[in-house]
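**Q** Fold the following and give me the result.
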Amino acid sequence: MMKLIVAISAASIAADSGVSGGTLHGHRRRLSYEKVAGYSPLTQVTDHCAIDLDQKAIEEQIGIQTEESFDNARRIYNEGGHSDSYAELTLTNPLDMSLRKGEPIIGISNAGGEVYGSAYASYEMGSTVIRLKYATTDVQESYVSCQVGGLIETNLEGCLVATGDINIGGSAYSYSYDPEVNNNNGRTLAGFSLSAKQKMMDCESCPYKDFAMFYEYYGTALYADDWINSALKGSTTSLSNGNADFSNYSFIGKGEFIKKATVSMNVFMYVIYHFEGALDDCGSDIIEDSVHSWDIGVCLYVGSLGAEIGTAWNGKLIHALADKRCVNFKTCGPDGNELDGPSKVNSDVMTLFALGKFQLQNGNCSAARDVVEQITRLMYVPLIQGVLRYAYRADVLGEGEKGGAAGAVFAASVLPLIHAANPDDAMVIYNNMRVGQSLVDSGAVKVSFENVYESIGISCSDVGGLWDWA
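**A** Coordinates of the predicted model:
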């Protein structure tokens, strides 16, 4: 099994550690927030955890299997609905002062209560269009009451009323807007891919290692968005390697391509981005920035739907996938040798989440770097298990379009990692698992993965063997 690097004593991270009831090196915090699959965040991340509600909404539309429902799924993918909600308002009279990002704004909701928010950005005096960012709560179940964006089923109860006054710094400003059109979202599944180059290739400490492998292999930072939009349209991707032609697939196959790629491509890499961002901020004067980025990474790994202990299978993100695949590969349980219960991957990852948080709080940046490396390698395990599972189902069981599509997505999600270790093995996997391939040699796929396990930092025991193909 992959060996966990324990840099501090178990007592140091007992009860998921954290600095009890005090400060983050001078930064005040709450005594506690709701746990995320047992992890105790030190900052508010309920709004970030809710991104899996967009995933759920997309899956619901894809399941209807009509042109209209796929258009709905595309809109939710691009426009979101559950995370970073804001209202774009047109003021009757221009601002008579400058407005700083984060400055409080108060208004009235459709339900007649007060709406608490803040300036989404900074605005100069004279501005007539501003954005109000809706405040979020610490309680996941009721984190925000305005959810619109590209959703089909919206929640307007906590949105600003269509016309009225907002209060900014004691001054009233009349405004108008269309609640069904101008309530939007700044955090979307599409945005995770669209912002990737800026955040993971062009930043001061960039490029980030894992994203650089994907960028080099696919020849574009937009590989995930290209894949998903091509699947939605039934067209062909424009990648340097690993191209896919979706034109011959029904709604069933295209649905698999889309709903699995949004998690295994878009969300997966954005989890890594936030852990890398936490390392970038490690050792700075503002410890909370580093810990907040770390907390977000955990939230994007777990989500909101499977955040309570014992509910992982209700989730939609990598955390849920790891627990589902351990049942197939007998890698559940703390020792990774059981057929049910939490996966060994998740048990190890959750321990590492707590350890990394502790190290960031104490400015132990090199040790935190080692933890991120371990987390990242473990995150690939359920994706590799996904490839092996669907390779077997296609080869031995003759499974058709749905299984072939699922296997192709998981393969596309790990091919750059395999290619960086051994291009020949990556080609074997691609040729067997690519979109449109009907004949699969699952044995060759298995051998090609095993050839590179040591190079990519995992072991055969991490992945396990296929015990239950269902």
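**Q** the helices in the stretch 151-300 of the chain, which residues?
**A** For the stretch 151-300 of the chain, the helices defined by DSSP state H, counting those that start in this stretch occupy 189-194, 196-200, 209-218, 223-233, 251-261, 268-281, 287-302.
**Q** which of the residues in the shortest one are buried?
**A** Neighbour counts using 16 or more other C-beta atoms under 10 Å place A196, K197, K199, M200 of helix 196-200 among the buried residues. Every C-beta, even on glycine, is put in place using the N, C-alpha and C of the backbone.
**Q** Tabulate the helices of the stretch 151-300 of the chain in a markdown table, adding columns for distance to I318 and mean pLDDT.
**A** Shown next, in a markdown table, are those (distance: least, C-beta to C-beta, whole Å; pLDDT from 0 to 100):
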| stretch | distance to I318 | mean pLDDT |
| --- | --- | --- |
| helix 189-194 | 13 | 98 |
| helix 196-200 | 17 | 97 |
| helix 209-218 | 14 | 98 |
| helix 223-233 | 14 | 97 |
| helix 251-261 | 11 | 97 |
| helix 268-281 | 6 | 97 |
| helix 287-302 | 5 | 96 |
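**Q** what's around L89, how many residues?
**A** Counted with other C-beta atoms under 10 Å, the neighbours of L89 add up to 23.
**Q** surely it meets S176?
**A** Yes. Under the criterion of C-beta atoms under 8 Å, L89 makes contact with S176 at 7.5 Å.
**Q** any shared contact partners between these two?
**A** By C-beta atoms under 8 Å, 6 or more residues apart in numbering, L89 and S176 have no common neighbours.
**Q** I'd like the distance between the nearest residue to D52 once chain neighbours are set aside and T46.
**A** The shortest distance from D52 to any non-neighbouring residue, by C-beta to C-beta, 6 or more residues apart in numbering, is to G303 (3.2 Å). From G303 across to T46, the span is 11 Å (C-beta to C-beta, to the nearest Å).
**Q** Looking at those two, which one has more neighbours?
**A** G303 (29 against 23).
**Q** what sits against the more buried one?
**A** Applying C-beta under 8 Å, 6+ apart to G303 gives the contacts C49, A50, I51, D52, Q55, G315, K316, L317, H319, A320.
**Q** Ok, C49 next?
**A** V36, Q140, Y143, C299, L300, V302, G303, S304, A307.
**Q** Ok, C332 next?
**A** Residues near C332 by C-beta under 8 Å, 6+ apart: D323, C326, E338, L339, D340, G341, P342, S343, K344.
**Q** and it, how far is that from P382?
**A** Going from C332 to P382 by C-beta to C-beta gives 12 Å.
**Q** Ok, L151 next?
**A** 28 Å.
**Q** just G465 next, same as before
**A** Distance from G465 to P382, by C-beta to C-beta: 15 Å.
**Q** The two: which is more packed in?
**A** P382 (28 against 12).
**Q** so that one touches K344, yeah?
**A** No. P382 is not in contact with K344 according to C-beta under 8 Å; the separation is 10.8 Å.
**Q** Find residues that contact each of the two.
**A** C326.
**Q** quick one: contacts for G297?
**A** G297 neighbours (C-beta under 8 Å, 6+ apart): V271, I272, Y273, H274, F275, A278.
**Q** likewise P104?
**A** With C-beta under 8 Å, 6+ apart, P104 has these contacts: Y116, G117, S118, I168, G169.
**Q** Likewise for N346?
**A** Taking C-beta under 8 Å, 6+ apart, we find N346 in contact with A37, A312, H319, A322, D323.
**Q** just I152 next, same as before
**A** A57, Q61, N72, I76.
**Q** and the gap between it and E256?
**A** For I152, the distance to E256 - C-beta to C-beta - is 21 Å.
**Q** cool, and V144?
**A** Taken as C-beta to C-beta, the span from V144 to E256 is 31 Å.
**Q** Phi and psi next, for A73.
**A** phi -60, psi -40 (degrees, to the nearest 10).
**Q** quick revisit: got a pLDDT number for the residue nearest to D52?
**A** G303 carries a pLDDT value of 97.
**Q** returning to what we had before: comparing V144 and E256, which residue is more hemmed in?
**A** Between V144 and E256, counted using other C-beta under 10 Å, the more crowded position is E256 (23 against 19).
**Q** Excluding chain neighbours, give the residue nearest to the more buried one in space.
**A** A405 (3.7 Å).
**Q** Tell me if I'm right that that neighbour and Y249 touch.
**A** Yes. Counting by C-beta under 8 Å, A405 sits close enough to Y249 to count as a contact (6.8 Å).
**Q** so what sits against both of these two?
**A** F257.
**Q** quick one, which of these two is more surrounded?
**A** Neighbours per residue, other C-beta under 10 Å: of A405 and Y249, the larger number sits with A405, 27 against 21.
**Q** show me what contacts that one?
**A** Y249, I252, G253, K254, E256, F257, V435.
**Q** Of those, which pair is most distant in space?
**A** I252 and V435 (13.9 Å; C-beta to C-beta).
**Q** helices and strands of this structure: which one bottoms out on pLDDT?
**A** When the helices and strands of the chain are compared on mean pLDDT, DSSP states H and E, strand 27-28 comes out lowest with a mean of 33.
**Q** Next SSE downstream of it?
**A** Per DSSP states H and E, the first helix or strand lying C-terminal to strand 27-28 is helix 46-49.
**Q** Tell me the helix or strand right after that next one.
**A** The helix or strand immediately downstream of helix 46-49 is helix 51-64, counting by DSSP H and E.
**Q** sorry, back to before: out of the contacts of G303, which is nearest to G80?
**A** For these, the nearest to G80 is I51 (7.9 Å; C-beta to C-beta).
**Q** Taking their axis directions, the strand or helix carrying L383 and helix 268-281 sit at what angle?
**A** Assigned by DSSP H and E, L383 falls within helix 365-395. Taking axes from the mean of the first three to the mean of the last three C-alpha atoms, to 10 degrees, one finds that helix 365-395 is oriented at 170 degrees with respect to helix 268-281.
**Q** Average pLDDT for helix 365-395, rounded please.
**A** Here the average pLDDT along helix 365-395 is 97.
**Q** Test my guess that L151 contacts I76.
**A** Yes. Using C-beta under 8 Å, L151 is in contact with I76, at 6.3 Å.
**Q** shared neighbours of the two, anything?
**A** Contacts common to L151 and I76, judged by C-beta under 8 Å, 6+ apart, are A57.
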